[in-house]
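A.B. asks: no sequence for this one, just the structure:
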């Protein structure tokens, strides 16, 4: 047993997880690598060649690093676990007129659960990933804080992790920037890896065409939803569309027709296959309800807490006050208008760089100030 302990490292074959494994190996941990196959893209009917974390090339890249560094590496098939939960939720959310965030759901319910299960089987005390985030502690509770690299920070997608997960997790990259990680890969002798491009696609939609994915996944979808109505915020008919699941809140391009001025999707009504369009002002809201709360820094979200609330991954966040609504929901009142709040997306609450907690946006509202 090494002086630091035994750690199971999730290795996708990409630069971040690879360098994370190398760093932990050099720090004195006994590293065990694991690559999880979450999705078989050949079965999705997509037109693009399989790429990313589930491709054979990526799996081989991860295994080669383990061979080079002299530690064990395992490949685990979790396609059934992943598909039943993440993909079904992805489809259901769009069919309910919402905008899902499958990466958050995967982290919260699939990836960490699978890692902990395999870590226990392999006698690993810890698990580690290549996320750009930091784990801190407050009054005995572990919580996520932002990583050093503001452009790469991934704290937003980790809000759902439980205390059990956080107690055993390690994020070696949190104190570094992406350029520093690329340089480390080159210094380790992996010049080609150091230049490897990043993928921002959903792993099971690598052609980035979620509409095509839905059409292939839901039998008869096009026939079921074709011929819906575009209406304005006053309810006036503006035209027809191909179906409400193919639109998201805030969307301006790809509406299929022009209206003489920029129009945005401001509301989706699945019950009537209606998509409400409005000008930019229709997207501005100053309140919302968030459900499925995971309190991270504190045992519960402090009622009346002022926090910066982020409503999407690349959102800089807006100052707000949080008020508890029952045991599993929070009312968020913003001090300024926020654009494009989309039900189904994650809301994450920050004190400075620290993640207080987060949840799933249930609904937004415009209050009279």
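C.D. replies: Sure thing, it's come through. Just so it is clear, the structure is predicted and the values come from calculations on it, not from any experiment. Numbers count the residues shown, from 1 in each chain.

A.B. asks: look up how far residue 299 lies from residue 143.
C.D. replies: 11 Å (Cβ to Cβ, to the nearest Å). Heads up, the C-betas are built off the backbone N, CA and C, glycines and all.

A.B. asks: between the two, which one's more packed in?
C.D. replies: Applying other Cβ atoms under 10 Å to residue 143 and residue 299 shows that residue 143 carries more neighbours, namely 24 against 11.

A.B. asks: tell me the secondary structure of that one, please.
C.D. replies: At residue 143, secondary structure determined by DSSP: H, G, I helix; E, B strand; the rest coil is strand.

A.B. asks: who does it bridge with?
C.D. replies: Here residue 143 sits in beta bridges with residue 136, going by DSSP bridges.

A.B. asks: how long is stretch 184-204 end to end?
C.D. replies: Stretch 184-204 has its terminal residues 30 Å apart, counting by Cα to Cα, to the nearest Å.

A.B. asks: average pLDDT for that stretch?
C.D. replies: Stretch 184-204 shows a mean pLDDT of 84.

A.B. asks: now do stretch 222-236
C.D. replies: Rounded mean pLDDT across stretch 222-236 is 95.

A.B. asks: same check, this time on stretch 262-269
C.D. replies: Stretch 262-269 shows a mean pLDDT of 96.

A.B. asks: gap between that stretch and the chain center?
C.D. replies: Put simply, stretch 262-269 sits 23 Å off its chain's centre (Cα atoms, centre = their mean, to the nearest Å).

A.B. asks: now do stretch 146-157
C.D. replies: Here stretch 146-157 is found 12 Å from its chain centre; the criterion is Cα atoms, centre = their mean.

A.B. asks: list the buried ones in that stretch?
C.D. replies: Neighbour counts over stretch 146-157 (16 or more other Cβ atoms under 10 Å) mark 146-149, 152-157 as buried.

A.B. asks: and if you look at stretch 330-344?
C.D. replies: With burial defined by 16+ other Cβ under 10 Å, the residues of stretch 330-344 counted as buried are 330, 332, 334, 338-344.

A.B. asks: over to stretch 300-316?
C.D. replies: In stretch 300-316, counting by 16+ other Cβ under 10 Å, buried: 301, 305, 307-313, 315.

A.B. asks: any idea which of those residues is the one closest to residue 184?
C.D. replies: residue 313 (24.8 Å; Cβ to Cβ).

A.B. asks: need the buried residues of stretch 146-157 in CSV (columns: distance to residue 171 and secondary structure).
C.D. replies: Shown next, in CSV, are the buried residues of stretch 146-157 (distance: Cβ to Cβ, whole Å; DSSP: H, G, I helix; E, B strand; the rest coil):
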residue, distance to residue 171, secondary structure
146, 11, strand
147, 8, coil
148, 11, coil
149, 12, coil
152, 12, coil
153, 11, coil
154, 9, coil
155, 10, helix
156, 14, helix
157, 12, helix
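
A.B. asks: reformat those as JSON lines; add distance to residue 126 and pLDDT.
C.D. replies: Below are the buried residues of stretch 146-157 laid out as JSON lines (distance: Cβ to Cβ, whole Å; pLDDT from 0 to 100):
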{"residue": "146", "distance to residue 126": "21", "pLDDT": "98"}
{"residue": "147", "distance to residue 126": "18", "pLDDT": "97"}
{"residue": "148", "distance to residue 126": "21", "pLDDT": "97"}
{"residue": "149", "distance to residue 126": "23", "pLDDT": "96"}
{"residue": "152", "distance to residue 126": "22", "pLDDT": "95"}
{"residue": "153", "distance to residue 126": "22", "pLDDT": "96"}
{"residue": "154", "distance to residue 126": "19", "pLDDT": "96"}
{"residue": "155", "distance to residue 126": "19", "pLDDT": "97"}
{"residue": "156", "distance to residue 126": "23", "pLDDT": "97"}
{"residue": "157", "distance to residue 126": "20", "pLDDT": "95"}
